[in-house]
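Need a 3D model of the sequence below.
(2 chains)
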2 protein chains.
Amino acid sequence: MKKIEVIQNILEANEAIASRNQKLLNGSKVFCINIMSAPGAGKTSLLLQTMKLLKGKLNIGIIEGDVASTVDAEKVQSEAKAVVQINTRNMPESCSLMAAMIESAIKSMPLDKIDLIFIENVGNLICPSEFILGEHKRVVISSLPEGDDKPIKYPLIFIDADAVIVNKMDLLPHVDFDIDGFRSSIGGLNPKAEIFQLSCKTGEGVDKWCSWVSEQIEANVTEQ
Amino acid sequence: MKKIEVIQNILEANEAIASRNQKLLNGSKVFCINIMSAPGAGKTSLLLQTMKLLKGKLNIGIIEGDVASTVDAEKVQSEAKAVVQINTRNMPESCSLMAAMIESAIKSMPLDKIDLIFIENVGNLICPSEFILGEHKRVVISSLPEGDDKPIKYPLIFIDADAVIVNKMDLLPHVDFDIDGFRSSIGGLNPKAEIFQLSCKTGEGVDKWCSWVSEQIEANVTEQ
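Numbers count the residues shown, from 1 in each chain, chains lettered A, B, ... in the order given. This is a model prediction of the structure:
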């Protein structure tokens, strides 16, 4: 099984670089959150709403991961302290960010002027679950129109999440989505995960998520 | 670049098996359509609506690809002539179906009783674009809540599509989606792709898609 061996080597190399990334971040007192979701679940919208609410409190840097294009980076440009775009299209792994890509991105950012980096991963519920990047917290966004069965169909990404965001709550009257069923699927896979129900369109519920982010940063400072 | 070489070998082996799959399908007069999309765009709902409309006209078999679970297979079970579930979780490539998985599935189906096989690929806009399976047509579903920028951000899967379905048209009053912009992005990448706007929830527009499917089958019979 030549391919499996190669993948094993890649995962081990990735972990070593991820651990180096986290040391670099800690040394610069920068907290880092990896945001993962299916395409179109609202990663960029969440970043925009979060930066709006945390303005003046935290200096935020963004690493944008996309197969192609810079449309997301352009959207967050004016609100972020620094933005780095990574296009994975011609890289060995195009379906996820990997720690080596993040290492280059971090090193190009003014870390002394940044408190928090959000990594917007490539839109995919499968590959990003395999690659840690050096982040302090892993967050998965699910959105109502995707349906409530995503934790059952893509369990791995939810098992490792520190928080799960249920986005597009404003669409609840228009789609079939069993919130209790969804929460109970997450509870079954990963009872420690925090769950936030919010709408990036109306802004409802974003404050609770932002409080959690601030608390995580404070807890990390205390730990060190 | 050991990994790139391995990937190249895998793609070549995949193409050889895909070509064998298509010969087997043609020999049995079975047409095959590969349905791809992001998680939750409506692949299973499209299959359910399509089987409802084509009932009595075509005998349909379904190959369900999922990382984990059998929830989709259970949903289509009563309407399909035959259903095969493939779970990719522990396979070398978990983020897409591959031709070898389809070969086993096809061989286990009663091909003499089937006119059309739909392959529901794993929910992912990246990996499935790399693997042909032996299908006659490739179809991508985009849904309104995902946003109109998906062709720009995930171009490869749209470039190779024979048809693009815009699903969840019933949500148009509730989400921001520029239909003309979306159509023009598809036109720029792949001017030959047919585009169908429909709603699997209300059933609106599904008839045109079903007519296209029937026409493709007739055209394939004439060709051979």
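
For the rest of this, base every contact and every neighbour count on C-alpha atoms.
OK.

so the helix or strand of chain A with the lowest mean pLDDT versus helix B:2-27, what angle?
The least trusted helix or strand in chain A, going by mean pLDDT, DSSP states H and E, turns out to be helix A:2-27, with a mean of 88. Here helix A:2-27 runs at an angle of 130 degrees relative to helix B:2-27 (axes from the mean of the first three to the mean of the last three CA atoms, to 10 degrees).

Assign a three-state SS to the residue most central in space within chain A, would you?
Central residue check for chain A by CA atoms, centre = their mean: the C-alpha nearest the mean position is that of residue A:35, 0.8 Å away. At residue A:35, secondary structure determined by DSSP: H, G, I helix; E, B strand; the rest coil is strand.

who's it bridged to?
Beta-bridge partners recorded for residue A:35 (DSSP bridges): residue A:120, residue A:139.

what's the distance between it and residue A:47?
9 Å (CA to CA, to the nearest Å).

joint contacts of the two?
Common neighbours of residue A:35 and residue A:47, using CA atoms under 8 Å, 6 or more residues apart in numbering or on different chains, are residue A:118.

Let me see the contact set for residue A:176.
A:144-145, A:147.

In strands, which of those residues fall?
Residues of these located in strands (DSSP state E): none.

And the least confident helix or strand of chain A, how far out from the chain middle?
18 Å (CA atoms, centre = their mean, to the nearest Å).

just checking, what packs against that helix?
helix A:99-107, helix B:2-27 (3 or more CA pairs under 8 Å, 6 or more residues apart in numbering or on different chains; DSSP states H and E).

most tightly surrounded among those?
Neighbour counts (mean count of other CA atoms under 10 Å in any protein chain shown) averaged over each of the helices and strands packed on helix A:2-27 peak at helix A:99-107, with a mean of 18.

Run through who's touching it.
A:14-15, A:17-18, A:21, A:63, A:84, A:86, A:131-134.

which two in the residues you listed are spaced the farthest apart?
A:15 and A:84 (21.7 Å; CA to CA).

What count of nearby residues applies to residue A:215?
The number of residues packed near residue A:215 is 12, by other CA atoms under 10 Å in any protein chain shown.

quick one: average confidence on the strand or helix carrying it?
For residue A:215, the element it lies in under DSSP states H and E is helix A:206-223. On average, the pLDDT along helix A:206-223 is 94.

Just name whatever secondary elements it is in contact with.
helix A:43-54.

Just the C-alphas of the helix it packs on, formatted as CSV.
Provided in CSV are the C-alpha atoms of helix A:43-54 (Å, rounded to 0.1, in the frame of the first residue of the first chain):
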residue,chain,number,x,y,z
LYS,A,43,-16.9,31.3,6.9
THR,A,44,-16.2,34.7,5.3
SER,A,45,-19.4,36.2,6.6
LEU,A,46,-18.6,35.0,10.2
LEU,A,47,-15.1,36.6,9.9
LEU,A,48,-16.7,39.9,8.8
GLN,A,49,-19.2,40.0,11.6
THR,A,50,-16.6,38.9,14.2
MET,A,51,-14.2,41.6,13.1
LYS,A,52,-17.0,44.2,13.4
LEU,A,53,-17.8,43.2,17.0
LEU,A,54,-14.2,42.8,18.1
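
returning to that earlier point: output the helices and strands packed on helix A:2-27 in TSV; the columns should cover distance to residue B:197.
Shown next, in TSV, are the helices and strands packed on helix A:2-27 (distance: least, CA to CA, whole Å):
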stretch	distance to residue B:197
helix A:99-107	38
helix B:2-27	29
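
Which per-residue confidence value corresponds to the residue nearest to residue A:210 when sequence neighbours are not counted?
With CA to CA, 6 or more residues apart in numbering or on different chains as the criterion, residue A:210 has its nearest non-adjacent residue at 6.4 Å, and that residue is residue A:50. pLDDT, residue A:50: 98.

how far away is residue A:50 from residue A:31?
Taking CA to CA, one finds residue A:50 at 15 Å from residue A:31.

Between these two, point out the one with more neighbours.
For residue A:50 and residue A:31, the more surrounded residue by other CA under 10 Å is residue A:31, and the numbers stand at 23 against 20.

can I assume that one is in contact with residue A:218?
No - Residue A:31 sits out of contact with residue A:218 when judged by CA atoms under 8 Å, with a separation of 9.6 Å.

so the helix holding residue A:215 versus helix A:43-54, what angle?
Using the same axes, to 10 degrees: helix A:206-223 against helix A:43-54 is 80 degrees.

in helix A:206-223, what's buried?
Residues of helix A:206-223 classed as buried by neighbour count (16 or more other CA atoms under 10 Å in any protein chain shown): A:206, A:209-210, A:213, A:216-217.

got a list of contacts for that helix?
Here helix A:206-223 has contacts from A:29, A:31, A:49-50, A:53-54, A:196, A:198-200, using CA under 8 Å, 6+ apart.

Show me the two of those residues that sit farthest apart.
Within these, two members stand farthest from each other by CA to CA: A:29 and A:199, at 30.2 Å.

If you count surrounding residues, which of these two has more?
For residue A:29 versus residue A:199, the count of surrounding residues by other CA under 10 Å is larger for residue A:199: 22 against 18.

Surely that one is in a strand?
No - going by three-state DSSP, the assignment for residue A:199 is coil, not a strand.

how many neighbours does the residue nearest to it when sequence neighbours are not counted have?
Distance criterion CA to CA, 6+ apart; nearest residue to residue A:199, sequence neighbours excluded, is residue A:168 at 4.7 Å. Counted with other CA under 10 Å, residues neighbouring residue A:168 total 23.

ok now do residue A:168, which residues does it touch?
A:143-145, A:198-201.

Please repeat the previous calculation with a cut-off of 7 Å.
By CA atoms under 7 Å, 6 or more residues apart in numbering or on different chains, the contact list for residue A:168 reads A:143-144, A:198-200.

Let me see the backbone angles for it.
According to degrees, to the nearest 10, the main-chain angles of residue A:168 amount to phi 70, psi 40.

Leaving aside the residues adjacent along the chain, what's closest to residue A:194?
residue A:163 (4.5 Å).

give the contact list for the one you found.
A:138-140, A:193-195.

Next one: residue A:160 relative to residue A:189, how far apart?
The gap separating residue A:160 from residue A:189 is 9 Å, by CA to CA.

Just give the number of residues close to residue A:78.
11.

cool, and residue A:174?
Around residue A:174 there are 12 residues (other CA under 10 Å).

pLDDT value on it, please?
The model's pLDDT for residue A:174 equals 98.

give me phi/psi at it?
phi -110, psi -10.

how close does it get to chain B?
7 Å (CA to the nearest CA, to the nearest Å).

Enumerate the residues of chain A near chain B.
A:3-4, A:6, A:38-41, A:66-69, A:92, A:95, A:124, A:126-127, A:145-147, A:152-154 (CA under 7 Å from any CA of the partner chain).

run the last query once more with 6 Å
Neighbours of chain B within chain A, by CA under 6 Å from any CA of the partner chain: A:40, A:68-69, A:95, A:126, A:146-147, A:153.
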